[in-house]
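> Starting from these lines, generate the structure:
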Amino acid sequence: MLSRVAENLYWLARYVERAENTARIVTVNANLLLDLPKGVAPGWRPLVDITGAIDLFEEIHKDYGERQVVRFLLGDERHPASIVNALSAARENCRTIRDIVPREFWEQINGLHLFASGQLQKGLAKTGRHAYLRELVQRCQGLAGLLDGTMLHDQGFEFLRLGRYLERADMTTRIADVQSATLLADGSEMRPYDNIQWVSVLKSMTAYQMYRRSEQVQVRRGPVLRFIFQNSGFPRSVRWCIDHTRLGLERLPRNEASLRVVGRLARVVDGVELAGLSQTDLHDFVDELQLGIADLHGEIAGTWFPPPLEVDEAA
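Next comes the predicted model:
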C-alpha cells in the first residue's frame, strides 16, 4: 500500500470521528443547561476547552456566549476542527482514494458534507440544532458501519481503525478531564447537582445506558471514570480504543515501535485507581495519556506515512 493512501485513510477516519464527537458534546451541553438552575449552569467555554482551541477562539471572539461557541464548533471557517471543516477534510481525503473505499461510502460522505454545510444555519438556531446534530451523529455512525460491513479488511482498513480509535481515545480523555473539572465548580452548593454532571459526561459518549448495565450502581464520579477509561467491553472507553488499536497494529509490518507505545498506554490505564484520584491527579493522569496518544500518532506517521514536505526558507 502507498504511504499516501495509508495516511489519507487514517485522517479520513479521524476527521469523521472528530465531527461526530463535536456534535455529541454540543448536544449534551445544550441539554445540560436546561437541567441545571440558572446560577449553576456552566456555560459554553468548557466545550472550547475540550477541543483545545482556546487561543484561536479568543483571537476571534471576545466572550464565550452560546452563539459564538456554537458557530465556532459547528461551522466557523477559521476553525480547522469545526464540524463543517472536519467533514470537508474527510471528504477531500476520501476523494483522493475513491478506488480504495466502497463507492457507496464516497456518495454518503459527499452527501454528509453537503448536509453539514448546507443546513448549517438550522444547526446554529436553537430550534433546529437538536435535529441537525442528531442527523450528523447518525450519519457519521452510518459511515463507520458501512466501512466495517463492506470494505476489505486489509491493511487499508487497519489504518482507518487506527485513525478512528486514536481520535476517539483522545476525545474521551478530554471530555473526562475538562467536564469533570469545569462543568460544575467545586463547592458544597454544587453537590446536589453532581449526579447531573456525571450523567452528562456519560451521555456525551452515549454511555449512560451501558454504564447502568455494566456497573449497576448509581452514577458517581469513581464508577463513571472507571467505566469510560478501563472498561474493555465499551466501544468508546479508552481501554477499548487501546485494545483495538493494538489489534490493528499487529496486522501491519514494521510495528514494533508502535506496539511498545500501545503497551505503555495500556499499562498506564490499568495501573491507576481512578476512584481515588483528586481532580489534580486526574488531570495529570489524562495529560500522561494524551502525551502517549501523541507519541503513538508520531510513531504511526513516522513508520508508514510520507515524510513532511520540506519548506524552502529561501523561497
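> Next, count neighbours for residue 298.
If you count neighbours by other Cβ atoms under 10 Å, residue 298 ends up with 13. For glycine as for every other residue, the C-beta is placed from the backbone atoms N, C-alpha and C.
> Now it: which helix or strand?
According to DSSP states H and E, residue 298 maps onto helix 279-304.
> Give me the distance from that helix to the chain's centre.
Centre-to-centre, helix 279-304 and its host chain are 14 Å apart (Cα atoms, centre = their mean, to the nearest Å).
> counting contacts, what elements does the lowest-mean-pLDDT helix or strand in the chain pack onto?
Taking mean pLDDT, DSSP states H and E as the measure, the helix or strand of the chain with the lowest value is helix 194-203, at a mean of 84. Applying 3 or more Cβ pairs under 8 Å, 6 or more residues apart in numbering; DSSP states H and E, we find helix 194-203 packed against helix 3-35, helix 155-182, helix 208-215, helix 221-230.
> Please repeat the previous calculation with a cut-off of 6 Å.
Counting contacts by 3 or more Cβ pairs under 6 Å, 6 or more residues apart in numbering; DSSP states H and E, helix 194-203 packs against helix 3-35.
> tilt between the helix it packs on and helix 155-182?
Relative orientation of helix 3-35 and helix 155-182, computed by axes from the mean of the first three to the mean of the last three Cα atoms, to 10 degrees: 30 degrees.
> Could you number the chain from 38 rather than 1 from now on?
From this message on, residue numbering opens at 38, which makes the last subject helix 40-72.
> List the contacts of the very next helix or strand once past helix 40-72.
Using DSSP H and E, the helix or strand that follows helix 40-72 in sequence is helix 82-88. Residues outside helix 82-88 that contact it (Cβ atoms under 6 Å, 6 or more residues apart in numbering): 62, 66, 91, 94, 101, 106, 118, 211, 215, 219, 220.
> Could you check how far the closest residue to the fifth one other than its chain neighbours is from residue 322?
Put plainly, it is residue 101. Nearest non-adjacent residue to residue 101, counting by Cβ to Cβ, 6 or more residues apart in numbering: residue 82, 4.1 Å away. Separation of residue 82 from residue 322 (Cβ to Cβ, to the nearest Å): 23 Å.
> so what's the most centrally placed residue in the chain closest to, chain neighbours aside?
Centroid-nearest residue in the chain: residue 208, 3.5 Å away (criterion: Cα atoms, centre = their mean). Leaving aside its sequence neighbours, residue 208 sits nearest to residue 58 (Cβ to Cβ, 6+ apart; 4.4 Å).
> which stretches of the stretch 238-352 of the chain have low pLDDT?
Applying pLDDT under 70 to the stretch 238-352 of the chain flags residues 346-352.
> Buried residues in stretch 261-275, which are they?
Using 16 or more other Cβ atoms under 10 Å as the test for burial, stretch 261-275 gives 261, 262, 263, 264, 265, 266, 267, 268, 271, 273, 274, 275.
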